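Peer 1: Here's a sequence, model it:
(2 chains)
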Amino acid sequence: MMPKEGTWEPDLQPPRVAQRAAALAYLLFGHAGTSHADYAINLPPPATGIARQIYDLHTLILWICAAILIVVFVPMVIALVRHRRSAGHVAHRFHDNLRLEILWTAVPVLILVGMAYPATKTVIEMKDWSASDMTIKIVGRQWKWEYEYVDDDLRFISTLSTPRSEIDNVSAKNPNYLLEVDRPLVIPTGAKIKLILTASDVIHAWWIPAFGVKQDAVPGFIRETWFRVDEPGTYRGQCAELCGVGHGFMPIVVEAVSPERFESWKTEQRSQMAALKEASAREYTMAELVGHGEKVYAANCAVCHQANGAGVPPAFPPLDGSKLVAGPAGDHLNRVFNGRSGTAMQAFGPQLSDFDIAAVVTFERNSWSNRIGDVVQPAQVAALRKQH
Amino acid sequence: MHAATLDDTGQHEEHPYGLMRWVTTTNHKDIGTLYLWFSFLMFLAAGSMAMLIRMELFQPGLQLVQPALFNQLTTMHGLLMIFGAIMPAFVGFANWQVPLMIGAPDMAFPRLNNWSFWLLPAAATLLIASLFVPGGAVAGGWTLYPPLFIQGGIAYDMAILAMHILGLSSIMGAINIITTILNMRAPGMTMMKMPMFVWTWLITAYLLVAVMPVLACAITMLLTDRHFGTHFFDAAGGGDPVLFQHVFWFFGHPEVYIMILPAFGIVSTIIPTFSRKPLFGYVSMVIAVASIAILSFIVWAHHMFSTGMPVGGQLFFMYSTMLIAVPTGVKVFNWLATLWRGSISFETPMLFSLAVVCLFTLGGFSGLVLGLVPVDIQLQDTYYVVAHFHYVLFSGAAMSIMAGVYYWLPKWTGHMYDETVAKWHFWLTTIAFNVTFFPMHFLGLAGMPRRIPDYAMQFEGFNRIASTGAFVLGLSQLLFLYCVVKCIRGGAAAGDRPWDGADSLEWTLSSPPPYHSFGVPPLVR
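Peer 2: Numbers count the residues shown, from 1 in each chain, chains lettered A, B, ... in the order given. Modelled structure (predicted):
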């Protein structure tokens, strides 16, 4: 997969003082209202049957609460107004009334049973992912989503596509700011889609509000959920479980298209994957590898190891002047391919193509103050892949 | 060393002066004062962090705080508010008030009491110092979920140690309170004659003894996973990250009631005083508090509905959670019936208590909404949850602490506080609180996740309102500080019983009470 230009890299370094002062001035004086701010006060319009049930259940509960509120607050306001000492009211020192106390214990129980009934029905339906039409496997990674169409041998990674300049308030923000990705999940309308979720590093949560689906992706375990969308359209959501520095920057975009368009989209994706495979089948010069590696590094590595290779020790070690990088190319490649368990270092083998991995390793060995001078070719990565 | 001089009640007023008075004190009043000042300091520190968070969230984009620091601020805000501000404040009240209200001369274990307090500054120093170590402070949220928590640097170990120390302090404090209440009540004060505040603290103390060791287990397992090769929470070694959440919330949910039951106790003391009527249903209030405490042990997984539980598990925890609404409702109805046909006046402690009843009820409603699994799936980890727990913990716990401070300040200092300043503090706090947190319900419903340093454009409007409210809320707490300091330094003499509706034992003493009170136990009929 080719990394896109303008992919966001979280910058862990504090911004310069001048930039911060400018931001403060902007915050205090310079802010004219934007046209995008709206004041939605309810759940988003439901796009699935489950989301509709949740919406209605929430509305029902809200009305019940409003009714109880009146029952509690009207007598309270009456007491506060009429039974004031300043109005000359004298206290009636009564207490305890068994009948009243039984009443205000029993009535809430009945109300709760009334609430529990519709909620139980929805819970049971939410958990029924049998008879699904297709299965999509979702892997949460710091800080991107990987989608795999299990029945179609189709797999890709989806990352935030909002440019860094918008996040830093350098350029104007677009309406889908932070809710846009390079490659959305595409699904056919009308199909019951079963999701199986897991994570590769920490816990993430896959959430589309309009679907009424929120499911944690737990590393080492498989979780299941499902949805069915009837209206074609673009649906947006975000990771809902705190997963580190990039938590606010791993959105989810689902495009629901007609079954016909879905089929043609799949064909298109397959030919793209074939082209990628071809790119991994030949040899490259160092300049080609370093050039491509720089882009791969920016999209995948700079989040932690920083654009200048300095890292953020101790959590994210520097690559500039690193012993591992200066050592044999095989060890370096192995670390990138397999990651390092117990740390934030992911295994990039399953995520990137042979060409990408060869390029990024070559880039790291020949950038900043690193001058190792050797290259890693895609064929070496392919050989490593074969061992697994 | 001063020679002890005895006054006509056989009590001596002598104690060391200066710093050594506070370091070596075993006096429940001094230790109560220490606890309360410590918690106020932590309240300001954690509150400042919240204001930084709200400043960053004033508008979309990254302006002042980068994501790494943002996560540290949200985490530290939570840890310091819960373990540094709210819990020690209530222990401060227990120290001052439990002996005075049951007619005991002091706490059962005065030296342990001193040690319980002086552990706190050590733990707080560790936590705050962790902001300045390489890699920064803990940033995985106050809930410390692995595997994210396993990734961090040395600050994470400092936080674990700090929480062990805080837990130790809480357990010793709780044992002290239980022993005092069970053994040192004045003759004639049977259990069912104890003031409501004492009852709520007795039950809270049992909760503390039951669950603080569970937290200690959870964080010790984190520590060994980090450094000693265990895999309790690592699937690669046969562990399960979700196991941590179960253990943590088995502590965490009773912890919520640890922070709210003493608040109920304070409100149940103040409302009868200013209604000039006895509490409507004393027995049913005791039963309600005990029921809430027992139920708190079987609802923990409602914090985890989106982790993916079997349907039976989700239904069980949904039903048990909904059940909590019943005893909570009983409490609200009882306060209401206490107000009814009273002779109500609106001094600052009463205003705060009434605000607690109203706003806590709203927090209870949003809790009910969150208790329903399908709706929770939609709202879990959104700003709706942030709104919910601030309605119970700020307008429930923190505002009842303020109510309690204004209520007992005349007794503690011998002076009346400045009613005008106090009322300004009340109104600014209550209004700014609602401006800050009410819009967060809408943000959560509209789909804004919590714990994000930057957000999509459609959330801008309410975020700006919330941030504006937060600045006012934070700054108005300086009025509280001013009012308390002014009251300590002077003011109109309070007299033994400044509130004509108050009838518990502390009001039979002078204001301020002698350094050692109830050397001879009073007789309760």
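Peer 1: got the buried residues for stretch B:242-254?
Peer 2: B:Val242, B:Phe244, B:Gln245, B:Val247, B:Phe248, B:Trp249, B:Phe250, B:Phe251, B:Gly252, B:His253, B:Pro254 (16 or more other C-beta atoms under 10 Å in any protein chain shown). Using the backbone N, CA and C atoms, a C-beta is placed for each residue, glycine as well.
Peer 1: For the helix or strand containing the last one, name the packing helices and strands.
Peer 2: What it means is B:Pro254. Assigned by DSSP states H and E, B:Pro254 falls within helix B:241-275. Helices and strands touching helix B:241-275, by 3 or more C-beta pairs under 8 Å, 6 or more residues apart in numbering or on different chains; DSSP states H and E, are helix B:87-102, helix B:196-227, helix B:282-295, helix B:325-339, helix B:348-371, helix B:399-413.
Peer 1: on that earlier part again, closest one to A:Asp96 out of the buried residues of stretch B:242-254, please.
Peer 2: Closest approach to A:Asp96 among the buried residues of stretch B:242-254 (C-beta to C-beta): B:Pro254, at 29.2 Å.
Peer 1: For B:Thr328, give me its contacts.
Peer 2: Residues near B:Thr328 by C-beta atoms under 8 Å, 6 or more residues apart in numbering or on different chains: B:Ala288, B:Ile292, B:Gly364.
Peer 1: Out of those, grab the one that's most surrounded.
Peer 2: Using other C-beta atoms under 10 Å in any protein chain shown as the neighbour test, the contacts of B:Thr328 are led by B:Ile292, with 24 neighbours.
Peer 1: residues contacting the residue nearest to that residue when sequence neighbours are not counted?
Peer 2: Leaving aside its chain neighbours, B:Ile292 sits nearest to B:Pro327 (5.0 Å; criterion: C-beta to C-beta, 6 or more residues apart in numbering or on different chains). The contact partners of B:Pro327, by C-beta under 8 Å, 6+ apart, come to B:Ile287, B:Ala288, B:Val289, B:Ser291, B:Ile292, B:Leu295.
Peer 1: One more: B:Ala288?
Peer 2: B:Pro327, B:Thr328, B:Val330, B:Lys331, B:Asn334.
Peer 1: ok, 7 Å please
Peer 2: If a contact means C-beta atoms under 7 Å, 6 or more residues apart in numbering or on different chains, then B:Ala288 has B:Pro327, B:Val330, B:Lys331 as its contacts.
Peer 1: Tabulate those (TSV), appending pLDDT.
Peer 2: Shown next, in TSV, are the contacts of B:Ala288 (pLDDT from 0 to 100):
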residue	pLDDT
B:Pro327	95
B:Val330	95
B:Lys331	96
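Peer 1: between those residues, which is closest to chain A?
Peer 2: B:Val330 (6.0 Å; C-beta to the nearest C-beta).
Peer 1: now, which of the buried residues of stretch B:242-254 sits nearest chain A?
Peer 2: Using C-beta to the nearest C-beta, these come closest to chain A at B:Val242, 6.0 Å.
Peer 1: that older thread, chain center to the helix holding B:Pro254, what's the gap?
Peer 2: 8 Å (C-alpha atoms, centre = their mean, to the nearest Å).
Peer 1: again, but for stretch A:345-357
Peer 2: So, by C-alpha atoms, centre = their mean, the centroid of stretch A:345-357 is 20 Å from its chain's centroid.
Peer 1: Could you do stretch B:478-489 as well?
Peer 2: 21 Å.
Peer 1: So what touches it?
Peer 2: B:Met402, B:Val405, B:Leu409, B:Thr413, B:His415, B:Tyr417, B:Asp418, B:Val421, B:Ala422, B:Trp424, B:His425, B:Leu428.
Peer 1: Give me the buried stretch members for it, please.
Peer 2: In stretch B:478-489, counting by 16+ other C-beta under 10 Å, buried: B:Leu479, B:Phe480, B:Cys483, B:Val484, B:Cys487.
Peer 1: Among these, name the ones in helices.
Peer 2: Cross-referencing the buried residues of stretch B:478-489 against helices under DSSP state H gives B:Leu479, B:Phe480, B:Cys483, B:Val484, B:Cys487.
Peer 1: For chain B, which residues score under the pLDDT cut-off?
Peer 2: B:1-13 (pLDDT under 70).
Peer 1: For it, which residue gets nearest to chain A?
Peer 2: B:Ala235 (2.0 Å).
Peer 1: okay, now A:Lys323: neighbour count?
Peer 2: As a measure of burial, A:Lys323 has 8 neighbours, counting by other C-beta under 10 Å.
Peer 1: Over to A:Leu333?
Peer 2: 22.
Peer 1: same thing with B:Ser353?
Peer 2: 28.
Peer 1: rewinding a little: identify the farthest-apart pair in the ones in helices among the buried residues of stretch B:478-489.
Peer 2: B:Leu479 and B:Cys487, at 12.4 Å, using C-beta to C-beta across these.
Peer 1: the strands in the stretch 251-388 of chain A, which residues?
Peer 2: For the stretch 251-388 of chain A, the strands defined by DSSP state E, counting those that start in this stretch occupy A:251-257.
Peer 1: where does it come near chain B, residue by residue?
Peer 2: A:Pro313, A:Pro314, A:Ala315, A:Ser341, A:Gly342, A:Thr343, A:Ala344 (C-beta under 7 Å from any C-beta of the partner chain).
Peer 1: Per-residue pLDDT of the fourth one, please?
Peer 2: pLDDT, the model's per-residue confidence, is 72 for A:Ser341.
Peer 1: got a list of what it touches?
Peer 2: With C-beta under 7 Å, 6+ apart, A:Ser341 has these contacts: B:Ala236.
Peer 1: ditto for the first one
Peer 2: In this structure, A:Pro313 makes contact with B:Pro134, judged by C-beta under 7 Å, 6+ apart.
Peer 1: Phi first, then psi, for it.
Peer 2: Phi and psi for A:Pro313, reported as degrees, to the nearest 10, are phi -60, psi 150.
Peer 1: what about the residue nearest to B:Gly265 when sequence neighbours are not counted, neighbour count?
Peer 2: Leaving out its chain neighbours, the residue that sits closest to B:Gly265 by C-beta to C-beta, 6+ apart is B:Thr200, at 3.2 Å. Neighbour count of B:Thr200, defined by other C-beta under 10 Å: 30.
Peer 1: can you tell me how far B:Thr200 sits from B:Val98?
Peer 2: 11 Å (C-beta to C-beta, to the nearest Å).
Peer 1: show me the contacts for the most centrally placed residue in chain B.
Peer 2: Geometric centre of chain B, nearest residue: B:Ile86, 2.9 Å, by C-alpha atoms, centre = their mean. With contact taken as C-beta under 7 Å, 6+ apart, B:Ile86 is in contact with B:Met259, B:Leu393, B:Ala397, B:Ala398.
Peer 1: can you list the residues you listed in a markdown table and add neighbour count?
Peer 2: Formatted as a markdown table, these follow (neighbours: other C-beta atoms under 10 Å in any protein chain shown):
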| residue | neighbour count |
| --- | --- |
| B:Met259 | 23 |
| B:Leu393 | 22 |
| B:Ala397 | 27 |
| B:Ala398 | 24 |
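Peer 1: so where's chain A uncertain?
Peer 2: Ranges of chain A meeting pLDDT under 70: A:1-37, A:342.
Peer 1: Next one: the spatially closest residue to A:His92 that is not a sequence neighbour relative to A:Ile78, how far apart?
Peer 2: Spatial nearest neighbour of A:His92, excluding adjacent residues (C-beta to C-beta, 6+ apart): B:Arg341 at 4.4 Å. Counting by C-beta to C-beta, the gap from B:Arg341 to A:Ile78 is 10 Å.
Peer 1: between those two, which one's more packed in?
Peer 2: Ranked by neighbour count (other C-beta under 10 Å), B:Arg341 and A:Ile78 place B:Arg341 first, with 18 against 12.
Peer 1: So that one, which state does it fall into?
Peer 2: What DSSP: H, G, I helix; E, B strand; the rest coil gives for B:Arg341 is coil.
Peer 1: Write out the residues of the stretch 151-300 of chain B neighbouring chain A.
Peer 2: So the stretch 151-300 of chain B meets chain A at B:151-153, B:235-236, B:241-242, B:275-281, B:284 (C-beta under 7 Å from any C-beta).
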